[in-house]
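J.: Any chance you could fold what I've pasted below:
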Amino acid sequence: MKFKVGLQGYRDMYHRAIFDEDAPGITASTKIDKFNLNTGLFVLNDDEVNENASQTFGTIDIKRKSENNTVKGSLMYYTIQDELSIFYLGAGTDITLNNNIFGGHFIYNMGEDKLTDQDINGFFGYAYAGRKIMDNLKLKLKFGYTPSKYDADSKTMFYSIKPNAVGYGLEYFYRGSVYDYNALTRNYQGILGEGNMVGVLNASYKFLYANLGMIYATNEDIDDKHIGNEIDLGITTEVAEKIKFKAVYAMFMPCKDSWSENETASELSMQLNYKF
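T.: Take a look at the predicted model:
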């Protein structure tokens, strides 16, 4: 068994849907038969050195990886002293079969908002399927869903702590791999908690790639649920040994009567990485 104490990073196994951040804490990892077991306890905010209430995040992750598939599961807990408590139960799989890949995950959260005396329940469902058509041509379809409904005594929503929504591969509406900090949201729940239903097609050929995404709201109080569409065109290549270059042009097209001002937005981003 291995232990680590101090400031360290933790990234959940579900496309960073819940937590992707550095935090002080203690972690332990071990292997039992064919299973990898990891546990961690992180103090995100200590009320002894900060006026805000203390925040604690704990996790137990288990994963079994074989030649063609990976199975994973998690139990997590997050609390803000005297304000909020949330439990998470997650499970997922990734399968490779010849030139085909498919899988997904399901995360259920339940808890209580103590400030408003409301119960919190929600989930994040995600599935994908892909195929390698030729040596250099790959296609992948992705679908994700988070609910949204608010009543006097309950909230139906997927509650994230410190997420980083990179699972769809979109570069503008969510957080992409080229320029993360200009995204409209880093949360799979979406903007202002309206909930999201997302369908995405990712395609890549050699050093070129493209994304096409359709984003919908799921909140029952929203009449026009089609938020918008996104198209990304990019390149990723190794320009020299250990030096990788990425560039992407992303265009987001809001739909009529959506939350935006109906103006098409675009950005051009570039990134140069050197691996030590």
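
J.: Let me see the contact set for residue 215.
T.: Counting by C-beta atoms under 8 Å, 6 or more residues apart in numbering, residue 215 touches 173, 190, 196, 197, 198, 226, 227, 228, 229, 230. The C-beta positions use only the backbone N, C-alpha and C, and glycine is treated the same way.

J.: Would you confirm that the fourth one belongs to a strand?
T.: Looking back up the chat, that one is residue 197. Yes. Counting by DSSP: H, G, I helix; E, B strand; the rest coil, one finds residue 197 located in a strand.

J.: Spatially nearest residue to it, not counting backbone neighbours?
T.: Nearest in space to residue 197, with sequence neighbours left out and distances taken as C-beta to C-beta, 6 or more residues apart in numbering, is residue 216 at 4.4 Å.

J.: Next up, the contacts around the one you found.
T.: Counting by C-beta under 8 Å, 6+ apart, residue 216 makes contact with 196, 197, 198, 225, 226, 227.

J.: Nearest to residue 99, out of the contacts of residue 215: which one, please.
T.: residue 198 (25.1 Å; C-beta to C-beta).

J.: still on that earlier bit, check pLDDT for the contacts of residue 215 and point me to the minimum.
T.: Lowest pLDDT of the contacts of residue 215: residue 190, 84.

J.: what about that residue, how many residues close to it?
T.: 27 (other C-beta atoms under 10 Å).

J.: same check, this time on residue 172
T.: Residue 172 is flanked by 26 other residues according to other C-beta under 10 Å.

J.: Next one, pLDDT for it please.
T.: pLDDT for residue 172: 89.

J.: what secondary structure does the residue lying closest to it once chain neighbours are set aside sit in?
T.: Using C-beta to C-beta, 6+ apart and skipping the chain neighbours, the partner closest in space to residue 172 is residue 250 (4.0 Å). Assigned by three-state DSSP, the conformation of residue 250 is strand.

J.: Show me what residue 250 bridges to in the sheet.
T.: With DSSP bridges as the criterion, the beta-bridge partners of residue 250 are residue 232, residue 267.

J.: I'd say it and residue 171 touch.
T.: Yes. Proximity of residue 250 to residue 171 meets the contact threshold set by C-beta atoms under 8 Å, at 4.0 Å.

J.: shared neighbours, those two?
T.: With C-beta under 8 Å, 6+ apart, residue 250 and residue 171 have common neighbours 230, 232, 267, 269.

J.: quick one on the thing from earlier: burial of the residue nearest to residue 172, as a residue count?
T.: 24.

J.: Then residue 24?
T.: By the criterion of other C-beta under 10 Å, residue 24 has 12 neighbours.

J.: Which helix or which strand is home to it?
T.: Element membership of residue 24 [criterion: DSSP states H and E] is strand 20-32.

J.: And the very next helix or strand once past that strand, what's buried?
T.: Following strand 20-32 in sequence order, the next helix or strand is strand 35-45 (DSSP H and E). For strand 35-45, the neighbour count (16 or more other C-beta atoms under 10 Å) marks 38, 39, 40, 42, 44 as buried.

J.: Same question for stretch 15-28.
T.: So for stretch 15-28, counting by 16+ other C-beta under 10 Å, buried means 15, 16, 17, 18, 19, 20, 23, 25, 27.

J.: Now do it: distance to the chain's middle.
T.: 13 Å (C-alpha atoms, centre = their mean, to the nearest Å).

J.: contacting residues around that stretch?
T.: In contact with stretch 15-28 (C-beta under 8 Å, 6+ apart) are residues 1-12, 38-44, 57, 59, 76, 88, 90, 105, 107, 124, 126, 158, 160-167, 188.

J.: Tell me which of these fall in helices.
T.: Of the contacts of stretch 15-28, none are assigned to helices by DSSP state H.

J.: Could you dump the shared contacts of residue 250 and residue 171 into TSV with distance to residue 208 added?
T.: As requested, the shared contacts of residue 250 and residue 171 are arranged in TSV below (distance: C-beta to C-beta, whole Å):
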residue	distance to residue 208
230	17
232	11
267	18
269	16
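
J.: Tell me the one among those residues nearest to residue 63.
T.: Once C-beta to C-beta is applied, the member of the shared contacts of residue 250 and residue 171 that ends up nearest residue 63 is residue 232, at 30.2 Å.
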